[in-house]
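Student: The following comprises the amino acid sequence and a computationally predicted model.
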Amino acid sequence: MLPTARSRNGRPVYQRNVHLSFHGSLAPQRRILDILRTRSRVTNLGLFFLLAITCLSLLLNLSYYISASFSSLRLGSSLSYDYDHDIPGDILSTLAPSEELEALSHLVIVPGHSIWHGSDAASRLNEDDWVLEPYQKGGGRVAAFFEHITKGVEILHQDPKALLIFSGGQTRLSSTTTEAESYMRLALKANLFKLPAGAAHSPRATTEDFALDSFQNLLFSIARFHEYTGRYPENITVVGYEMKRERFTKLHRAALRWPIERFHYVGADPGGQEGVEAQQGERKNGFLPYTSDYYGCHSFLLAKRRQRNPFRRYHPYHTSAAELKTLFDWCPDQNKLFTGRLPWYG
């Protein structure tokens, strides 16, 4: 509290009042009021109210912090978050609740490598029905694509808590569809889901339509799982090229700090000489670049993403998986692992 104002002779202004009222029953209270009413640059009464408001504000903020921390800890322990977190009301109103989807906990990812634009599943091995890069033609790559799709659906059928996500963006200028959508369409045309008559799709299979590389296949599929079910997965299985096992397991999984005991990889490669050449290309153009750029956001790997995004698409996961905002933007100058909080690690 500020010093009490004094008169010219140095005596406190309130002394005379205190002496006169000392014998009264209200003397102590009056003394306090006299002090508070004493003039100063900031009156003592004003200072008292400022201190009271400050203390009240601190208490309210502390209460909110403790409540939010407890809520976050409780939700994090079950790998589940509020479904409406940061989602605008006009969007949230269109999302019908589903206990079946909210019970799913196993994410099965099939990364896309090309776009199928055919109409007959029986001719799925015809390379003319695929949008292929020159290095993808010949040698059984198309057969490997379909094997990945088939294995993903098989895992889905084996686990009632699994959600299958085909992942891959609108990566080719010569096609307006996405890799993921074309994989889903081929799976449906081939009747891999064994749907009952009249059913158009499986509720436990969906697409992730924005990933531009293997790292985003993994990260964005986790985000899409949350967008689709309202929670984060507990287990992940990736179905892809066997030659990319180390890339996904040692690099991408580690970059996301996903627990290795809850991560599985199922691989299938093209055979013959094509398989040997593909493995060499994988090491040179995939594995090694990611060892020095875990998040694929610099130079060579960033150039690949830009090349694969001719339609200038961008993902919605800053809103639908808001807990991952800082991870989406993580791009350190040096090759450092993300150190922020993650829903599945803490």
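Tutor: That came through, no problem.

Student: residues touching residue 166, list them.
Tutor: Residue 166 makes contacts with 110, 112, 149, 152, 179-181, 183-184, 187, 205-208, as judged by C-beta atoms under 8 Å, 6 or more residues apart in numbering. The way it works is simple: take the backbone N, C-alpha and C, and place the C-beta from them, glycine included.

Student: So which of these are in strands?
Tutor: 110, 205, 206, 207, 208 (DSSP state E).

Student: of those, closest to residue 236?
Tutor: residue 110 (12.2 Å; C-beta to C-beta).

Student: Return the set of buried residues in stretch 129-139.
Tutor: The neighbour-count check on stretch 129-139 (16 or more other C-beta atoms under 10 Å) flags 129, 130, 131, 132, 136, 139 as buried.

Student: hey, where'd the helices end up in the stretch 1-150 of the chain?
Tutor: For the stretch 1-150 of the chain, helices defined by DSSP state H, counting those that start in this stretch occupy the ranges 15-20, 27-37, 44-77, 89-92, 99-102, 141-158.

Student: Pick out the shakiest of the ones you listed, pLDDT-wise.
Tutor: For the helices of the stretch 1-150 of the chain, mean pLDDT drops lowest on helix 15-20, to a mean of 44.

Student: what residue ranges in the stretch 151-300 of the chain are flagged as low confidence?
Tutor: Residues of the stretch 151-300 of the chain meeting the criterion pLDDT under 70: 271-275.

Student: Quick one: the helices in it, in order.
Tutor: Using DSSP H, counting those that start in this stretch, helices in the stretch 151-300 of the chain cover 179-189, 214-229, 245-246, 253-255, 272-282, 288-291, 299-307.

Student: out of those, nearest to residue 93?
Tutor: Per C-beta to C-beta, nearest to residue 93 of the helices of the stretch 151-300 of the chain: helix 214-229, 15.7 Å.

Student: From the chain's centre, how far out is that closest one? Work that out for me.
Tutor: 7 Å (C-alpha atoms, centre = their mean, to the nearest Å).

Student: cool, stretch 94-112 as well?
Tutor: 15 Å.

Student: Any buried residues in that stretch, and which?
Tutor: Those would be 101, 104, 105, 106, 107, 108, 109, 110, 111, 112, for stretch 94-112 by 16+ other C-beta under 10 Å.

Student: how far does that stretch stretch from start to finish?
Tutor: 28 Å (C-alpha to C-alpha, to the nearest Å).
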